[in-house]
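Novice: With the sequence up front, the predicted model follows.
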Number of protein chains: 4
Amino acid sequence: MSEEKETLEKIHRIAEQEFLEKGFTGASLRNIVKEAGVTTGAFYGYYRSKDELFEALVKPHADYIMNYFVKVQNEFSDLSKEDQIAKMSGYNLTFLNDMLEYSYSHLTGMKILLTAATGTKYENMIHEMVEIEIESTHNFMKVMGQMGYKAKPLNPYFEHIMVSGMFTSYFELIIHDVPYEQAKDCISEMSKFNSAGWAACMGMEWL
Amino acid sequence: MSEEKETLEKIHRIAEQEFLEKGFTGASLRNIVKEAGVTTGAFYGYYRSKDELFEALVKPHADYIMNYFVKVQNEFSDLSKEDQIAKMSGYNLTFLNDMLEYSYSHLTGMKILLTAATGTKYENMIHEMVEIEIESTHNFMKVMGQMGYKAKPLNPYFEHIMVSGMFTSYFELIIHDVPYEQAKDCISEMSKFNSAGWAACMGMEWL
Amino acid sequence: MSEEKETLEKIHRIAEQEFLEKGFTGASLRNIVKEAGVTTGAFYGYYRSKDELFEALVKPHADYIMNYFVKVQNEFSDLSKEDQIAKMSGYNLTFLNDMLEYSYSHLTGMKILLTAATGTKYENMIHEMVEIEIESTHNFMKVMGQMGYKAKPLNPYFEHIMVSGMFTSYFELIIHDVPYEQAKDCISEMSKFNSAGWAACMGMEWL
Amino acid sequence: MSEEKETLEKIHRIAEQEFLEKGFTGASLRNIVKEAGVTTGAFYGYYRSKDELFEALVKPHADYIMNYFVKVQNEFSDLSKEDQIAKMSGYNLTFLNDMLEYSYSHLTGMKILLTAATGTKYENMIHEMVEIEIESTHNFMKVMGQMGYKAKPLNPYFEHIMVSGMFTSYFELIIHDVPYEQAKDCISEMSKFNSAGWAACMGMEWL
DNA sequence: GATGAATGAGCCTTCATTCAT
DNA sequence: TATGAATGAAGGCTCATTCAT
C-alpha cells in the first residue's frame, strides 16, 4: 500500500514534468514510465490511458476552479440588486484572490491545465470561463439598467476579446511564477485598470 | 504547369485545414497528402519537410507582422519627445488597424500562425512581441518623465501580464473571425479602455 | 524469459544473415524483423537503432581484436632489444594464431565485422590495424639498426600496401571458412613467405 | 550534339564523385542529376537505370583489365615450356606495369571499380582475377614439374589468400593515389618480395 | 498488483523510376 | 532530347496500448 502510493506518486511527478515540457500530445507515456522507473503494466494498473493520467493531474483543479467560479457567480446573482451594485467590485477581487491562492497551492497542476492541455478536453477551459463571465456580466448590466444606471451597450465581440485578455493576464501570473505577493498586487492593479477601462467604454462610473 | 500549381494548392489548402484543426505537431503529413489526393513523393517535390511546409504557410505573415511592428516602434522612438507624446495614441491605433487589415487579407495564414504553431519556431512570436512592446513602453515612460509628467512606476509583472492580455485580446479578433468592421470598432474601444486603464494605474492622464 | 531470449536470438540470427548478405547499409531492419517473425516494436525494445544492433553483433569482437592487437604490440615493444630480435617471429605467430582461434570461435560476428561494416564506425578497422602495425614495424626497424643490423630503408608506400595485403590475406581465412587446421597451416606458411619477402627487400636476414 | 555531350559529361563527372564518396548503393541518383544541373528525364534519356550509369563509368575499365589479364595469361601459356620458365618473371612485371599505366590513365574509373562496386556485378572482380591467377599458376607449376623442377605442393587455401593479398596490395597503389613513379618502384619491390616468398614456401628457386 | 515483451498502426522522409508534355 | 511533377514502395523509428505470466 505504501509501495503502490509511491509508484503512483513517481508516475505523477514525472508525468507533470513531461506534460509541462512537451504538452499533452508531445508527452510520451513510455518516457514517463521509464523515467519514473516503473513499467507500462504498472501504469495501466492505475490508469486506462494517457488521457486518464492527464485528467487525474488536472481534473481536480479544473473542477475546483470551475465550480468555485460558477458558485461565486451564482451567489452574486442571488444578491439583491442593491447588493450586487454595492459589492460587485469586492466580489470580484475576493474571487480573484481566492483563485490565486488555490492556484499557488496547486501550482504544478494549474500550470499543466493552463499550458499543456491542447489535445485534451480541457483545452477550452478558459474559453468556457470567458463565456460564463460574459453572460454574468450581461446579467449585471441588466441589473444596473434596472437600477437607473445608464450604460452604453457594448459590442459583444469587444466584450469577448477583453474578457479573454483579462483571463489571459490573470493566468499569466500563474504560468510565469510571479511571486505570490507581487501577484496579489497585480490583481489589485488589474482591478483598477479594468474598472477604469470599462467605465471609459460604457460612459459611466463602474460603481 | 497548371497541374503543378493545382497540386501545390491542393496541398496548401488541405494542410491549412489540418494545421488549424490539429496544430503543427498533431497534423499528419500522410493525412495531408492523402486528403489532397497526391502522394508523399509529390509533396517532397515541393518541400523538404513538414516544417518547411508550415513555414511556407506562415513565414510571410510572421515576417510581415514582426517587421511592421518593429518598424512602427522605431519610427515612433525617432520622433521628438513632444511628438511622441502628441502622437502616441494615434500611432498605436494606426498600427493596430494596419495589422488588422493585413491579417484579414491573409486570414488563414494568420490563424495558423496564432493557433497552430506549437512545436515550431513561431510558437513564441506573441511573447516576443510582448517583450518588445514592454521595452518600447519603458522608453516612452522615460520620455514622459523627461517632459515633466509624473507617473507612478509600475510593477514589471503587472506590465507583462497586461501587455500579454492586450495582445491576446487583439489576436482574438483574428482567431474568431470577428467581422472586419466590428473588429475595427473593437480596436478603437480597446484603445479607450487601455488609455483609461493605464491612466488609472499610473495616477495621471495618459496623454 | 525464455521467450524473450528467443526473440532476441531470432533477431540476432536473422540480422547476421542479412548483414552478411547485404552489408550494413543494404540490410533492411523491416526485413530482419519480418523474417525473424517479430514486429518492429519488439526490435526496438532491445535496441535503439539499426546501428546499435550492428554494434551488438560486432563490438565485442572488434574490441577484443583491437585490444589484443595493441596489447601484443606493447608487450613486444617493452621487451629488451635482444629479446625483440630473438622473439619477433614467435610473437607474430602466436598473435596470429591466437587471433585465429578467437575468430573461429566467433565466426559469424567476425565475418560481419570484416565484410559488412561499410557505413559503420567499424569500416576502417583494418586500416587502423595496418597503420598501427606499420608504426610498430618502424620501431622494430630502429631497434634492429641499433643492434647493428643494416637494412635498406623501405619505400613507405611499399610498406603500406604490403601490410594491407598481409592483413587481407590473413582475414581471407576467416571470410572464406578455411578449415581451422588448414588455416593454421596457412599462417605458418604466411610467416615463412613474409620473412623471406621482407628479407629480400631489405637486403638482409630478417632475423 | 555538343549540348548532349555536355549533359552526359556533367552527369558522368558528378556521378563519379558521388559513387566514390558513397559507393554504388549509397549514391543517390536524384542527387547526381540535381548536382549535375540536369533533370531526371534527361538522365533517363541516356541510361535506363542507376546500374547502367555505373556500368558506363566502369565497364570499359573492367573489360580492359580483364581482357588484358586473360590475354597475358593465354599468351604466356602458349609459350613453350622453356620460354614460360625463362620469361615468367618478366611477363608478370610487364603485366603489372602495363596495368598500372592503364589505371593511372583512367584513375577515377578504376577507383570506382575498386572501391565503389559493392552492390553491382563488379563487386567480385578481384576475386575473379584471383581465381584466374591461381589457375594459371597451377598450370605453370605443372610445367615446372614437367621440366624437372621440384616444388612442394602448396595448400590451395594458402594460394588463395596470398594471391588475394597480392591483388589487394597492388590495387592499394591505385586507390591511395601513390605517385606513379613510386608505384612503379613498389611494383618491382613487390616482385622481389613475392619471388622470395614463393620460393621460401615451395622449397626452390622460383626462377 | 506488477511485469515488460510484444503489438502494429503510424510517424516523417528518401528512393529509383515513369510519363505526359 | 529534355522536362520535372508524380509515383508508391521502402526506409528507420515511435507511439499508446495489450496481455500472458
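Specialist: Yes, it's here.

Novice: The residue nearest the centre of chain A and chain D: what is the separation?
Specialist: Nearest to the mean C-alpha position of chain A, counting by C-alpha atoms, centre = their mean, stands residue A:65 at 5.7 Å. Computed as C-beta to the nearest C-beta, to the nearest Å, the residue A:65 to chain D distance reads 55 Å. From N, CA and C alone the C-beta is placed, and that goes for glycine too.

Novice: contacting residues for that residue?
Specialist: Contacts for residue A:65 were tallied using C-beta atoms under 8 Å, 6 or more residues apart in numbering or on different chains; they are A:99, A:102, A:113, A:125, A:129.

Novice: Apply 7 Å and report the result again.
Specialist: By C-beta atoms under 7 Å, 6 or more residues apart in numbering or on different chains, the contact list for residue A:65 reads residue A:99.

Novice: Now name the helix or strand holding it.
Specialist: Taking DSSP states H and E as the criterion, residue A:65 maps to helix A:50-78.

Novice: Pull out the buried residues from that helix.
Specialist: Judged by neighbour count (16 or more other C-beta atoms under 10 Å in any protein chain shown), helix A:50-78 contains these buried residues: A:50, A:53-58, A:61-62, A:64-65, A:69, A:72-73, A:76.

Novice: can it be found next to DNA strand F?
Specialist: Yes - applying C-beta under 7 Å from any atom of the strand, one finds helix A:50-78 touching DNA strand F at A:50-51.

Novice: buried set for the helix or strand following that helix?
Specialist: As assigned by DSSP H and E, the chain's next helix or strand after helix A:50-78 is helix A:81-105. Neighbour counts over helix A:81-105 (16+ other C-beta under 10 Å) mark A:84-85, A:88, A:91-92, A:95-96, A:99-100, A:102-104 as buried.

Novice: Off-centre distance for the lowest-mean-pLDDT helix or strand in chain A?
Specialist: Least confident helix or strand, chain A: helix A:2-26 with a mean of 86, by mean pLDDT, DSSP states H and E. Relative to its parent chain, helix A:2-26 has a centroid offset of 22 Å by C-alpha atoms, centre = their mean, to the nearest Å.

Novice: so residue A:119, which of the three states?
Specialist: coil (DSSP: H, G, I helix; E, B strand; the rest coil).

Novice: Kindly tell me how buried it is, as a neighbour count.
Specialist: Using other C-beta atoms under 10 Å in any protein chain shown, residue A:119 is surrounded by 20 other residues.

Novice: same deal with the one 5 residues further on?
Specialist: Applying other C-beta under 10 Å, we find 13 other residues in the vicinity of residue A:124.

Novice: Would you confirm that residue A:134 contacts residue A:161?
Specialist: No - with contact defined as C-beta atoms under 7 Å, residue A:134 and residue A:161 do not form a contacting pair (10.6 Å).

Novice: Out of the two, name the residue with the larger neighbour count.
Specialist: residue A:161 (26 against 17).

Novice: gap between that one and residue B:191?
Specialist: 13 Å (C-beta to C-beta, to the nearest Å).

Novice: got it, and residue A:146?
Specialist: Distance of residue A:146 to residue B:191, given as C-beta to C-beta: 30 Å.

Novice: Mind checking which of these two has more residues around it?
Specialist: residue B:191 (17 against 9).

Novice: that older thread, hmm, which two among the buried residues of helix A:81-105 are most spread apart?
Specialist: A:85 and A:104 (31.1 Å; C-beta to C-beta).

Novice: Need the max-distance pair from the buried residues of helix A:50-78.
Specialist: The distance between the two most remote of the buried residues of helix A:50-78 (C-beta to C-beta) is 38.2 Å, for A:50 and A:76.

Novice: Noted, bye for now.
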